[in-house]
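K.L.:
next one to model:
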Amino acid sequence: MRDGDWTLVSSPDDSVRVLLTPLVGPAGVDPRQMFERDVPAECRVEYLSFEERQHTRSGWAMALTTLRVLDAKGVERERRVAAVLSMLTYIGAIVARLPNEAALERDREQLLALFASARPHLWSKEPACVAELFSMEEP
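P.N.:
Residues are numbered from 1 along each chain as shown. As a prediction, the model looks like this:
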């Protein structure tokens, strides 16, 4: 499902939702805005872990974070694991939303494999400049 430039993919039973963000730049953007998207106003976010120096299979820098969404009484409503991808001067994120810690542990390896498969799409099929439309060779 598309929501503007964001893409949401759900598991068949809708228990796991993976949100793909657009690339944004410059890289100084705070990715917490991406991680905390759609957190209800009455809830708070608690960050549990952060792991830098990870990489995708194609070599892009990736950092992983795990957080949970707690309601006003401190009861966990959702567990999230996210990857921030650094691409040149841009960043993007993949945020997996799961109902609880058990679901995260069950699906963790699959999610990490999914995150590691990410690769940027920096160039469109449209020409970037007029020179790309012509052969620049000697006649």
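K.L.:
what residue lies at the spatial centre of the protein?
P.N.:
Ile94 (1.4 Å; Cα atoms, centre = their mean).
K.L.:
look at it and give its secondary structure.
P.N.:
Following DSSP: H, G, I helix; E, B strand; the rest coil, Ile94 is assigned to strand.
K.L.:
show me the contacts for the closest residue in space to it that isn't next to it in sequence.
P.N.:
Among residues not flanking Ile94 along the chain, Ala83 sits closest, at 4.8 Å (Cβ to Cβ, 6 or more residues apart in numbering). All C-beta atoms are positioned from the backbone trio N, CA, C, and that covers glycine. By Cβ atoms under 8 Å, 6 or more residues apart in numbering, the residues touching Ala83 are Gln54, Met62, Ala63, Leu64, Ala93, Ile94, Phe115, Ala118.
K.L.:
show me the beta-bridge partners of the first one.
P.N.:
In this structure, Gln54 bridges to Met62 when assessed by DSSP bridges.
K.L.:
what about the protein, any weak spots by pLDDT?
P.N.:
By pLDDT under 70, the low-scoring segments of the chain are 27-28, 120-139.
K.L.:
quick one: distance of stretch 109-123 to the chain centre.
P.N.:
Averaging C-alpha positions (Cα atoms, centre = their mean, to the nearest Å) puts stretch 109-123 9 Å from its chain's average.
K.L.:
my guess is Val29 contacts Ile91. True?
P.N.:
Yes. With contact defined as Cβ atoms under 8 Å, Val29 reaches Ile91; the gap is 5.9 Å.
K.L.:
about what we covered before: tell me which element the residue nearest to Ile94 falls in.
P.N.:
Assigned by DSSP states H and E, Ala83 belongs to strand 76-87.
K.L.:
so what strands line up beside that strand?
P.N.:
strand 61-70 (antiparallel), strand 90-98 (antiparallel).
K.L.:
how about the strands in the protein?
P.N.:
2-3, 6-10, 17-20, 44-55, 61-70, 76-87, 90-98 (DSSP state E).
K.L.:
which one of those lies nearest to Gln110?
P.N.:
strand 90-98 (9.4 Å; Cβ to Cβ).
K.L.:
got the CA positions of the closest one in CSV?
P.N.:
Output of strand 90-98 as CSV, limited to C-alpha atoms (Å, rounded to 0.1, in the frame of the first residue of the first chain):
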residue,chain,number,x,y,z
TYR,A,90,20.7,10.8,1.8
ILE,A,91,19.1,8.5,4.4
GLY,A,92,16.2,6.1,4.3
ALA,A,93,14.6,3.8,6.7
ILE,A,94,12.8,0.5,6.9
VAL,A,95,10.6,0.1,10.0
ALA,A,96,9.1,-3.2,10.9
ARG,A,97,6.1,-3.0,13.3
LEU,A,98,5.2,-6.1,15.3
